[in-house]
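1. Dropping a prediction and its sequence here:
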Amino acid sequence: MEDANEVLGLTDLYTHHLCLGHFGRQWAAQMRHEAERESGSLDAEYLKGYAQALEDIVQHLEAGEGLPGGPLYARIAERFATGEHSRT
């Protein structure tokens, strides 16, 4: 059985991810609203793509993929282990 502190830590982390997701959804909605007001089709398409990218990230966070054991977490942990995180 998992340690209670570990479970609480994961709960806190997931709650944080949900808060980030809420912020991301608001940001995406703002980008979509700006896209509707944009007169140039390229600018509007850019903003729609930006909004879609934000929504995609939110879906990953809400699905718990950034938690330990999740696929996003594993990729990031691997990058830190190999030192790739410090490259620009």
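-> Arrived safely. Numbers count the residues shown, from 1 in each chain.

2. pLDDT at the spatially most central residue of the chain, what is it?
-> Central residue of the chain (C-alpha atoms, centre = their mean): I57, 3.5 Å from the mean position. pLDDT recorded at I57 is 95.

3. and the helix or strand that contains it, how far out from the chain's middle?
-> Assessed by DSSP states H and E, I57 sits inside helix 41-62. Its chain's C-alpha centre and that of helix 41-62 lie 11 Å apart, by C-alpha atoms, centre = their mean, to the nearest Å.

4. Please write out the alpha-carbon positions of the helix or strand just after that helix in PDB.
-> Using DSSP H and E, the helix or strand that follows helix 41-62 in sequence is helix 71-82. C-alpha atoms of helix 71-82 as PDB (Å, rounded to 0.1, in the frame of the first residue of the first chain):
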ATOM      1  CA  PRO A  71       3.500   9.000 -20.000                       C
ATOM      2  CA  LEU A  72       4.300  12.700 -19.800                       C
ATOM      3  CA  TYR A  73       5.900  12.400 -16.500                       C
ATOM      4  CA  ALA A  74       8.100   9.500 -17.700                       C
ATOM      5  CA  ARG A  75       9.300  11.500 -20.700                       C
ATOM      6  CA  ILE A  76      10.200  14.500 -18.600                       C
ATOM      7  CA  ALA A  77      11.900  12.300 -16.000                       C
ATOM      8  CA  GLU A  78      14.000  10.700 -18.700                       C
ATOM      9  CA  ARG A  79      15.000  14.100 -20.100                       C
ATOM     10  CA  PHE A  80      16.100  15.200 -16.600                       C
ATOM     11  CA  ALA A  81      18.000  12.000 -16.100                       C
ATOM     12  CA  THR A  82      19.900  12.400 -19.300                       C
END
